[in-house]
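Visitor: requesting a structural model of the entry that follows:
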Amino acid sequence: MTLPEILTLLGLNLAVIVVVMLALWGLSLRFKDVSFIDGVWPLGMLMLALATFPRTEGDATRKWLLLWLVAVWAIRLGWHLLKRWRAHGADGRYTAIVETQERDRGWSFGKTALLFVFLPQAFLGWLTSLPAQMGQIAQTPPVGWIGWIGAVIVVIGIGFESVGDAQLSAFKKDPKNKGQVLDTGLWRYTRHPNYFGDFLVWWGLWLIAAETGWVGIAAIAGPVFLTFTLTRWSGIGITEKAVSKSRPGYADYVKRTSAFIPLPPKKT
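Guide: Numbers count the residues shown, from 1 in each chain. Next up, the predicted model:
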């Protein structure tokens, strides 16, 4: 594909995800809640991979590898987050966003949901999933050792994230753990095994895409942005601010446990 054709492909994909997010925004007006966006977000990235598949002529093995890995990750995570939303209702983070804009700017729920949640999520999902889109373009080379290492990293990331989510769900189900801090299992070595799993998934997918040359390498913007948002923007900071208010022992947990990369706990 020529550069104009690649840009057209990516532009149409962006338009598709924007249309889908506008439809979901309409649904949020009915619920008066935007929290389901967390569960829809990974499924939106799978949709972009699927939309790219029939419109590219890249190496068939690489295309199927990318598609299946994204599908496993997105369906598992999307189901987990949507189930959590159905069980627990509105997420306090999003409620705070809506209330803040209503108080400070006089914005309605609909305006805040559109401009602060659904439109940004459309663009950011498109950006993050660039490896799954751009990795399907080039016909050569076939998947080599770099690509297969990337696939192994993706599988490890999915497993890491899945185990972390399962451990947290089991912990929360036990009434004796109310107000307590989970510091066993993967949570003993990192305060955010789910975020670290996502990090591995998208850097692994980028390796698969990068093996194709400049087109795949350019998709690095996706995992770079994801790493930034998980570690510096809306991931660790916002999550820990909320958790620290409800769990008195969380400050000590922070002192001894790595924030992101799994490491042996510090002695305190």
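
Visitor: burial of the residue nearest to residue 71 when sequence neighbours are not counted, as a residue count?
Guide: Nearest-residue entry for residue 71: residue 46, 5.7 Å, with adjacent residues in sequence omitted and distances by C-beta to C-beta, 6 or more residues apart in numbering. No exception for glycine: its C-beta is placed from N, CA and C like everyone else's. By the criterion of other C-beta atoms under 10 Å, residue 46 has 20 neighbours.

Visitor: residues touching residue 46, list them.
Guide: 70-71, 74-75, 78 (C-beta atoms under 8 Å, 6 or more residues apart in numbering).

Visitor: quick check, pLDDT for it.
Guide: Per-residue confidence (pLDDT) for residue 46: 97.

Visitor: could you list the buried residues of the one helix or strand it maps to?
Guide: In this structure, residue 46 sits in helix 37-52 according to DSSP states H and E. Neighbour-count burial for helix 37-52 flags 37-49, 52 (criterion: 16 or more other C-beta atoms under 10 Å).

Visitor: next structured bit after that helix?
Guide: Downstream of helix 37-52 (by DSSP H and E), the next one is helix 60-88.

Visitor: for that following helix, packing partners?
Guide: If contacts are counted by 3 or more C-beta pairs under 8 Å, 6 or more residues apart in numbering; DSSP states H and E, helix 60-88 sits against helix 37-52, helix 130-134, helix 145-173, helix 193-210.

Visitor: quick one: it to helix 37-52, angle?
Guide: In terms of direction (axes from the mean of the first three to the mean of the last three C-alpha atoms, to 10 degrees), helix 60-88 departs from helix 37-52 by 160 degrees.

Visitor: which residues are in contact with the helix or strand following helix 60-88?
Guide: Counting by DSSP H and E, the next helix or strand C-terminal to helix 60-88 is helix 92-105. Residues outside helix 92-105 that contact it (C-beta under 8 Å, 6+ apart): 33-35, 37, 107-109, 111-113, 116-117, 238, 242.

Visitor: from those residues, which land in strands?
Guide: Among the contacts of helix 92-105, no member falls in strands (DSSP state E).

Visitor: just the buried residues of those.
Guide: Neighbour counting by 16+ other C-beta under 10 Å classes 33-35, 37, 107, 109, 112-113, 116-117 among those as buried.

Visitor: including distance to residue 20, could those residues go into CSV?
Guide: Shown next, in CSV, are those (distance: C-beta to C-beta, whole Å):
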residue, distance to residue 20
33, 18
34, 15
35, 17
37, 11
107, 23
109, 20
112, 19
113, 15
116, 18
117, 14
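
Visitor: tell me the one of the residues you listed nearest residue 254?
Guide: Minimum distance to residue 254 across these is 25.5 Å, recorded for residue 35 (C-beta to C-beta).

Visitor: pLDDT wise, what is the closest one at?
Guide: For residue 35, the model assigns a pLDDT of 89.

Visitor: now the residue nearest to residue 71: how far from residue 40?
Guide: 10 Å (C-beta to C-beta, to the nearest Å).

Visitor: then residue 72?
Guide: 17 Å.

Visitor: just the helices and strands packed on helix 60-88: most buried one?
Guide: helix 130-134 (a mean of 28; mean count of other C-beta atoms under 10 Å).

Visitor: what packs against that one?
Guide: Using 3+ C-beta pairs under 8 Å, 6+ apart, the elements in contact with helix 130-134 are helix 3-31, helix 37-52, helix 60-88, helix 193-210, helix 214-218, helix 221-231.

Visitor: residues in contact with it: which ones?
Guide: With contact meaning C-beta under 8 Å, 6+ apart, helix 130-134 is reached by 6, 9-10, 13, 45, 48-49, 52, 66-67, 70, 202, 205-206, 208-210, 215-216, 218-219, 221-223.

Visitor: if we can go back for a sec, which residues are in contact with each of residue 46 and residue 40?
Guide: Common neighbours of residue 46 and residue 40 (C-beta under 8 Å, 6+ apart) are residue 78.

Visitor: show me where this structure dips below the pLDDT cut-off.
Guide: Residues of the chain meeting the criterion pLDDT under 70: 235, 242, 244-246, 268.

Visitor: next up, the contacts around residue 36.
Guide: 24, 27-28, 82, 85.
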